[in-house]
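A.B. asks: Predicted model and sequence follow; I will ask about them next.
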Amino acid sequence: MISYSEALKRLLHCAPLPTTSLPIQQACGFVTADRITSPQSVPPFTNSSMDGFAIRSEELATATPNAPVILTIVGSTAAGESPANAKGGTWEIMTGAALPQGYDAVVKIEDVECVGDRVRFTAPIGKGENVRLAGQDFNLGDVVVSPGDIIGPAQIMALAAVGQKNVTVHRKPSITLLNTGKELVQNTDIPLKPGQIRDASGPYLMTMLEALRYGANYGGLVPDDDKLFRARLEDILAEGAADVVISTGAVSAGKFDFIPDILRTLGAEIVFHKVTNRPGKPVLYARFANGIHYLGLPGNPVSTAVGSRFFALPLFRHLQALPEEKPLMARLLTQTRKVQGLRFFCKAHASVSEDQSLQVEVFDGQESFRIKPMLQANCWAVFDEDRSEIAPGETVAIYPLMPDRWMLRPLYA
Ligand SMILES: Nc1nc2c(c(=O)[nH]1)N[C@H]1C(S)=C(S)[C@@H](COP(=O)(O)OP(=O)(O)OC[C@H]3O[C@@H](n4cnc5c(N)ncnc54)[C@H](O)[C@@H]3O)O[C@H]1N2
Ligand code: MOO
């Protein structure tokens, strides 16, 4: 049995997946591999931020309600029209229209009075007011995305604004999920016979991976039969589509826990089996000679949840060349007792206290078969191996139950 940190070191001792080029709108959730600089200025031209009248600010220096400055409208420009040249007077202008050269500010339409082709200005205006300068957002050559950035809607907005068509990203792992267990019943229309249970870990993993924009191919439910399992795994390996195979169940010490032996006979190297974790101790990680990763998660639902959160997701991050996730720290509210020597991953609820600091409540019912506390949880509180009693007030590491991919940077930067 090895420690979690040693297991993580071995798990992440592999190269990221190759890069690929994607149209920007298909790149949401991917990690950039290249630096992209702006090939143009944004805005591309100086323009108005308001509907109103372009003027020379110095001409309005003396304007008051009693002594207004009256200027003649000499032209009009709407968004999408070519920039015009100033001809003195004032120029009717719409939001987003190019500011004619020679004007330096725009007065909002609500602040003037129009009589025919004449406009009354009753107040001075600062130079540059209601004007958006060319390049004020992005200058030519400004960095838009850097290697390691997670592409979210904001990155796509920026890439679209600078006219970028494609982006080079790390491929996401292709994942195949297998469930094992002859006690499992997936069809909810079929009543359970004595000894049977519903498959909860399979739907959890499939939807969790979907929600995190990884997605997984479902490889099926295999009864506890080593020959059937071996045949199914051989098919998956032969198809060559999976970067990572994840299974649930059949990795502990029982008569039907056949996965380690089958992996060995198929030539995989068992990199680790059994980690000082609770729950999820019998977790197994193996690697095939062609680089395919195999993660054998224990079948108990919460062991599967911990295994996917603390082994599968770190592996996926690494395969996309992302750095290791860092926890947030929170003040513990509940006295917590644990087995010394095991790292304890607890269903917990983080909240903001009255003094605006992060606090965390660890729930009762931490056993790996107990799903109900997960319904109230929003995070995992993690206690190191060497602890046994942790008192309220201590600071503990917490990890969101479902890391929101768009929030990874602000949360863990
Ligand atoms: N002698 C030992 N027995 C066990 C050990 C051990 O070290 N020595 N470890 C225990 C721990 S800890 C865990 S966790 C489990 C892991 O067992 P397996 O990964 O081999 O999984 P199974 O035996 O197939 O299932 C365990 C448990 O979970 C239920 N299960 C399985 N799949 C699902 C599913 N898809 N949905 C819901 N529930 C599922 C299954 O019925 C069992 O109750 O081993 C302990 N034993
Ligand atoms: O590790 Mo097991 O998940 O304790 O039941």
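C.D. replies: Great, that's in hand. Ligands and ions are numbered 1, 2, ... in the order given.

A.B. asks: dump the residue contacts of the one residue in the stretch 201-350 of the chain that gets nearest to ligand 1.
C.D. replies: Minimum separation of the stretch 201-350 of the chain from ligand 1 (C-beta to the nearest ligand atom) falls at G299, amounting to 2.5 Å. C-betas here are computed from N, CA, C, even on glycine. Taking C-beta atoms under 8 Å, 6 or more residues apart in numbering, we find G299 in contact with 180-181, 201, 248-251.

A.B. asks: Could you confirm whether any residue of stretch 168-184 contacts ligand 1?
C.D. replies: Yes - using C-beta under 6 Å from any ligand atom, we find that stretch 168-184 touches ligand 1 at 179-181, 183-184.

A.B. asks: Where do the strands of the stretch 201-350 of the chain begin and end?
C.D. replies: Secondary structure of the stretch 201-350 of the chain (DSSP state E, counting those that start in this stretch): strands located at 217-222, 244-248, 269-273, 277-278, 284-287, 293-297, 328-332, 336-337, 343-352.

A.B. asks: Domain-wise, how is the chain divided?
C.D. replies: 4-17+172-319, 19-42+136-170, 47-132, 328-408 (automatic domain parsing).

A.B. asks: Contact residues of this structure facing ligand 2?
C.D. replies: Counting by C-beta under 6 Å from any ligand atom, the chain sits next to ligand 2 at 278-281, 298, 300, 303, 368.

A.B. asks: In helices only, show me these.
C.D. replies: S303 (DSSP state H).

A.B. asks: Throw the residues of the chain next to ligand 2 into TSV and include pLDDT and neighbour count, thanks.
C.D. replies: Output for those, formatted as TSV (pLDDT from 0 to 100; neighbours: other C-beta atoms under 10 Å):
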residue	pLDDT	neighbour count
R278	97	22
P279	97	25
G280	95	26
K281	95	18
P298	96	26
N300	96	23
S303	97	26
S368	96	19
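
A.B. asks: Columns distance to D111 on top of the residues of the chain next to ligand 2, output as JSON lines?
C.D. replies: Shown next, in JSON lines, are those (distance: C-beta to C-beta, whole Å):
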{"residue": "R278", "distance to D111": "68"}
{"residue": "P279", "distance to D111": "66"}
{"residue": "G280", "distance to D111": "65"}
{"residue": "K281", "distance to D111": "71"}
{"residue": "P298", "distance to D111": "69"}
{"residue": "N300", "distance to D111": "68"}
{"residue": "S303", "distance to D111": "66"}
{"residue": "S368", "distance to D111": "67"}
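
A.B. asks: What's opposite the residue nearest to E129 when sequence neighbours are not counted in the beta bridge?
C.D. replies: Residue nearest to E129 in three dimensions, not counting chain neighbours: A105, with 4.6 Å by C-beta to C-beta, 6 or more residues apart in numbering. For A105, the beta-bridge partners are I55 (DSSP bridges).

A.B. asks: Name the nearest residue to V244, ignoring sequence neighbours.
C.D. replies: H293 (4.4 Å).

A.B. asks: Tell me how many other residues surround that neighbour.
C.D. replies: When neighbours are defined as other C-beta atoms under 10 Å, H293 has 23 of them.

A.B. asks: Many thanks, have a good one.
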